[in-house]
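A.B. asks: how would this look folded up:
(one chain, ligands or ions: 1)
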Amino acid sequence: MANNILTMDKLVNHCKQTGFVFRGSDIYDGLANTWDYGPIGVELKNNIKRAWWKRFVQESDNSFGVDAAILMNSRVWDASGHTTSFSDPKIDCRECKMRERADNIIEEYANKHNISVVVDKMSNSEMEAFIAEHKINCPKCGKHNWTNIRQFNLMFETSRGVTDDNQNKIYLRPETAQGEFVNFLNVQRTTRAKVPFGIAQIGKAFRNEITPGNFIFRTIEFEQMEHQWFCKGEDGSKFYDQYKKQAYDFLIDLGFNKDSLRFKDHDKLAHYAAAACDIQYLFPMGWSELNGIHNRTDYDLSRHQEFSGKTMQYLDPVTNEKYIPNVIEYSIGCDRLLLATLCNAYDEQKLENGETRVVMHFAPVVAPYKVAVLPLQKDLNAKAREIYKKLQKHFMCTIDEAGSIGKRYRRQDQIGTPMCVTIDFDTISDNTVTIRDRDTMEQIRLPIDELISYVQNKLVF
Ligand SMILES: [Zn+2]
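C.D. replies: Numbers count the residues shown, from 1 in each chain. The predicted structure is shown next:
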């Protein structure tokens, strides 16, 4: 939509003013890279999660959900490789003590000077050499006096019980995927699922990032929506392609503009991965990852078999073949999708009377409120309350009795309420109401009895 008019600052301000997102711990001057969802933000977020779950669990013939614990046995992270290799290359400025990611410093410099480098493929010493050779200075103090690069583990550590020796060290999970992997056989056994089948999870994950976040794009605490598809190795690439299409279609159905989405294959594959790509979205700060699709081969389940000593093999009931399934992983950050949804929906329109309206063109299924009830006069408030009560049984609604009708429409437009129902004196005599459409601003007259099914039809996803 109208991405050219949207800057991140404008969006952050809009979210703060309307109640989508507030700065975390706001009255204490915040905590870097944390954000709190407000009254309409939490509705939007819950609706996004429900739409995703509906598409990838409810409407999938062979997918099942789990909700695993955030705290997992630390051996899980040994098996997944996170304890040894989940780290960022960190470099410190000796002059001003600023800590930065070396790869980011190089990338920024390379972009600015039109130098082509693939930072993901560089070793620490290659990055150190690049920074020295190009005399890259500290972005904060401008001096060139760097430490060596050290790897900085991104997992949040905590400890269990009263002592804090290594025996008791546990981690806040840095990804939700392991919760699906460790439950592979539990889910298979209890659902009697046959491979291929999927396990989905929505849940929080935590990463000790030192990178500035771009609002809710990158946060230290975030929610992931993940779907792991377990299949035979030879079917991996077929399902990988299928997921690319499904993931893309989901975004299009949520109202995303084709021009603001693109596929990007990974430059550097993990050693075990057969294929990996992202769908990127054109955010105000540029093209950035929105979701990932990976063909992870049988790496995850094999590692858990090795580290747990428990078999992860699936026994095919027809062929009697025993094997460890491959995994196709589809992962999308809920907060990141919410940010993209906000960016995609944001619009400013000049009205005939010269005013400008800010309007959020959300797909009705994710809009925070589905209906706003607006009585035209004080005498009609009781009737409006009666209709509001009726609608509340079915949808998230709001009622607004104060101010001019134009002002009230503007308030609903800027939080993306798709339908406004106005109550006037005819409502009392003939039991009809006016429904105004958010996007076209057109109005129709409808009997109150038909209101609920009318709204329901708009919410089909
Ligand atoms: Zn410095």
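A.B. asks: so what sits opposite residue 314 in the bridge?
C.D. replies: Each beta-bridge partner of residue 314 is listed here, defined by DSSP bridges: residue 323.
A.B. asks: also residue 197?
C.D. replies: Beta-bridge pairing of residue 197 under DSSP bridges involves residue 230.
A.B. asks: what sits against it?
C.D. replies: Under the criterion of CB atoms under 8 Å, 6 or more residues apart in numbering, the contact list for residue 197 reads 62, 63, 64, 187, 188, 191, 229, 230. Glycine gets a C-beta too; all of them are placed from N, C-alpha and C.
A.B. asks: pop the domain breakdown of the chain in here.
C.D. replies: Using automatic domain parsing, the domain parsing of the chain gives 3-71+159-343, 87-153, 369-458.
A.B. asks: would you format these as TSV with mean pLDDT and distance to the ion included?
C.D. replies: Converted to TSV, the domains of the chain look like this (pLDDT from 0 to 100; distance: least, CB to the ion, whole Å):
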stretch	mean pLDDT	distance to the ion
domain 3-71+159-343	94	14
domain 87-153	91	3
domain 369-458	97	41
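A.B. asks: the stretch 351-461 of the chain: helices as residue ranges?
C.D. replies: For the stretch 351-461 of the chain, the helices defined by DSSP state H, counting those that start in this stretch occupy 381-392, 405-413, 425-430, 451-458.
A.B. asks: nearest to residue 16, out of the ones you listed?
C.D. replies: If you check each of the helices of the stretch 351-461 of the chain against residue 16 by CB to CB, helix 405-413 wins as the nearest, at 15.5 Å.
A.B. asks: and residue 178, what element?
C.D. replies: For residue 178, the element it lies in under DSSP states H and E is helix 177-182.
A.B. asks: ok, and what's touching that helix?
C.D. replies: Counting by CB under 8 Å, 6+ apart, residues outside helix 177-182 touching it are 66, 68-69, 72, 76-77, 80, 173, 199-201, 203, 226, 228, 300-301, 304, 327, 329, 331.
A.B. asks: run the last query once more with 7 Å
C.D. replies: 66, 68, 72, 76, 80, 199, 201, 226, 228, 300-301, 304, 329 (CB atoms under 7 Å, 6 or more residues apart in numbering).
A.B. asks: hmm, which of those are the buried ones?
C.D. replies: The neighbour count (16 or more other CB atoms under 10 Å) marks 66, 68, 72, 76, 80, 199, 201, 226, 228, 300-301, 304, 329 as buried among those.
A.B. asks: reformat these into JSON lines and put secondary structure next to each item.
C.D. replies: Supplementary listing: these in JSON lines, determined by DSSP: H, G, I helix; E, B strand; the rest coil:
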{"residue": "66", "secondary structure": "coil"}
{"residue": "68", "secondary structure": "coil"}
{"residue": "72", "secondary structure": "coil"}
{"residue": "76", "secondary structure": "helix"}
{"residue": "80", "secondary structure": "helix"}
{"residue": "199", "secondary structure": "strand"}
{"residue": "201", "secondary structure": "strand"}
{"residue": "226", "secondary structure": "strand"}
{"residue": "228", "secondary structure": "strand"}
{"residue": "300", "secondary structure": "helix"}
{"residue": "301", "secondary structure": "helix"}
{"residue": "304", "secondary structure": "helix"}
{"residue": "329", "secondary structure": "strand"}
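A.B. asks: for the residues you listed, which one is nearest residue 6?
C.D. replies: residue 226 (28.5 Å).
A.B. asks: so which helix or strand takes in the residue lying closest to that closest one once chain neighbours are set aside?
C.D. replies: Counting by CB to CB, 6 or more residues apart in numbering, the nearest residue to residue 226 once its immediate chain neighbours are dropped is residue 331, at 4.6 Å. Taking DSSP H and E as the definition, residue 331 sits inside strand 326-333.
A.B. asks: other SSEs contacting whichever helix or strand comes after that strand?
C.D. replies: Going down the chain from strand 326-333, the next helix or strand is helix 334-345, by DSSP H and E. Packing contacts for helix 334-345, counted by 3 or more CB pairs under 7 Å, 6 or more residues apart in numbering; DSSP states H and E, involve helix 8-18, helix 39-53, strand 221-231, strand 275-283, strand 286-295.
A.B. asks: residues of helix 334-345 that come out buried?
C.D. replies: Of all the residues in helix 334-345, those buried under the rule 16+ other CB under 10 Å are 334, 335, 336, 337, 338, 339, 340, 341, 342, 343, 344, 345.
A.B. asks: strand partners of whatever helix or strand comes next after that helix, parallel vs antiparallel please.
C.D. replies: Toward the C-terminal end, the helix or strand that comes next after helix 334-345 (DSSP H and E) is strand 346-350. Its sheet considered, strand 346-350 pairs with strand 356-360 (antiparallel) by DSSP bridges.
A.B. asks: please identify the buried residues of the strand it pairs with?
C.D. replies: Of the residues in strand 356-360, those buried by neighbour count under the rule 16+ other CB under 10 Å are 358, 359, 360.
A.B. asks: just put these in TSV and tack on distance to residue 53 and pLDDT.
C.D. replies: Below are the buried residues of strand 356-360 laid out as TSV (distance: CB to CB, whole Å; pLDDT from 0 to 100):
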residue	distance to residue 53	pLDDT
358	30	97
359	28	97
360	22	98
